[in-house]
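A.B. asks: Sharing a model that was predicted from the sequence below.
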Amino acid sequence: MSRKRSSYRPKGVNPTAHLMAMIGAAALSRDDVLLRAARLRLAVDQACMGQATPADWRQIFDCVNLAEQLIRMKLCAGREVVEGLQETIEAIHDRQRATGTRALHQAERAALQDFAADYASILGGVTQQQYMLAQRGVEDRIRRILSGERIPASVRVVEAIE
């Protein structure tokens, strides 16, 4: 009598798994940090000149949300600064909706410019994997908020002005 053969078949081994692990553990490259910081700087410059498009505001929102997620992940500090910046952006958009003016007050420009200046140093201490996890966390949080799920914490949904 022969023994029944198992239907188990091992899957192939990913020959690049160790490379993916090493890339994830590596800090963001200097070029990646500078490119992301430059995109934010350009969007902030446009906002400060009163010429920001919805894409520019989206870039600013994304960076602020990413910084907030990195704070939640305990990879950087400055929750009060990010919350203050979120309130500033909300005030800018409320004023733009109410009056139609795209000009920013000096304190608003300073807050945006300070954040843009600090953004590169925030990303400088983050690994590829941490950055990807933070991005995924932001996307998941936004999806949950927009679907109507109640999120424990103060949440503001701001739509970019055209």
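C.D. replies: Arrived safely.

A.B. asks: which residues touch the residue nearest to the spatial centre of the chain?
C.D. replies: Nearest to the mean C-alpha position of the chain, counting by Cα atoms, centre = their mean, stands Leu66 at 2.3 Å. Going by Cβ atoms under 8 Å, 6 or more residues apart in numbering, Leu66 touches 134-135, 138. In short, each C-beta sits where N, CA and C put it, glycine included.

A.B. asks: Go again with 10 Å.
C.D. replies: By Cβ atoms under 10 Å, 6 or more residues apart in numbering, the contact list for Leu66 reads 36, 40, 119, 122-123, 126, 131, 134-135, 137-138.

A.B. asks: which one of the residues you listed is nearest Gln86?
C.D. replies: Here the nearest of those to Gln86, counting by Cβ to Cβ, is Val138; it sits at 13.2 Å.

A.B. asks: That closest one: neighbour count?
C.D. replies: For Val138, the count of nearby residues is 20 (other Cβ atoms under 10 Å).

A.B. asks: Can you flag the buried ones in the contacts of Leu66?
C.D. replies: 36, 40, 119, 122-123, 126, 131, 134, 137-138 (16 or more other Cβ atoms under 10 Å).

A.B. asks: Helices - which of these land there?
C.D. replies: 36, 40, 119, 122-123, 131, 134, 137-138 (DSSP state H).

A.B. asks: Check what pLDDT Asn14 gets.
C.D. replies: On the pLDDT scale, Asn14 is placed at 79.

A.B. asks: next one: Gly124
C.D. replies: 90.

A.B. asks: What residues does it make contact with?
C.D. replies: Contacts of Gly124 (Cβ under 10 Å, 6+ apart): 27-28, 30, 33-34, 37, 76.

A.B. asks: what's the farthest-apart pair in the buried ones among the contacts of Leu66?
C.D. replies: Farthest pair in those, by Cβ to Cβ: Leu40 and Gly137, 18.6 Å.

A.B. asks: so for the lengthiest helix in the chain, what's the average pLDDT?
C.D. replies: Across the chain, the longest stretch assigned as helix under DSSP H is helix 79-99. When pLDDT is averaged along helix 79-99, the result is 93.
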